[in-house]
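Asker: Task: produce atomic coordinates for the following.
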Amino acid sequence: MKLKLLDNLDNWLYKYQEQQLHFFWAFTVTVLLSYVWQPLVISGLVITVAKELWDSQSTRHKFSWIDMKWGIIGWIVALVIVTQFN
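Answerer: Residues are numbered from 1 along each chain as shown. This is a model prediction of the structure:
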């Protein structure tokens, strides 16, 4: 029973790995760069959009609204964190 739960958790985490990466990249870049210079608070959103535009031109990847959504969510969470600690 316990092993099955761990297997299910492992499958769930790796199933959404791409979305997790978009969330954490947008979040991390926004938080770190906003402390360097406040106007860079937009950086996580810019990186999210730029990455998806890059993917749309790539032969190996494609544009994904799901990836865009998770990048934007990461950026919004970072905005909340940054505004709480300023």
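Asker: Would you list the phi and psi of the residue nearest in space to the middle of the chain?
Answerer: Ranked by distance to the mean C-alpha position of the chain (CA atoms, centre = their mean), the top residue is residue 23 at 1.8 Å. Dihedral pair for residue 23: phi -60, psi -50, per degrees, to the nearest 10.
Asker: Please shift the residue numbers so they start at 598 in all later answers.
Answerer: In the new count, where the first residue is 598, that last one comes out as residue 620.
Asker: now it: how far from residue 605?
Answerer: Relative to residue 605, residue 620 is positioned 21 Å away (CB to CB, to the nearest Å). Backbone N, C-alpha and C define where each C-beta goes, glycine included.
Asker: swap in residue 639?
Answerer: Remark: distance between residue 639 and residue 605 (CB to CB) = 38 Å.
Asker: which of these two has more neighbours?
Answerer: Comparing residue 639 with residue 605 by other CB atoms under 10 Å, the one with more neighbours is residue 639, at 13 against 10.
Asker: list the contacts for that one?
Answerer: Listed by CB atoms under 8 Å, 6 or more residues apart in numbering, residue 639 has no contact partners.
Asker: any idea how far it lies from residue 656?
Answerer: In this view, residue 639 and residue 656 are 30 Å apart by CB to CB.
Asker: Number of residues surrounding residue 658?
Answerer: By the criterion of other CB under 10 Å, residue 658 has 14 neighbours.
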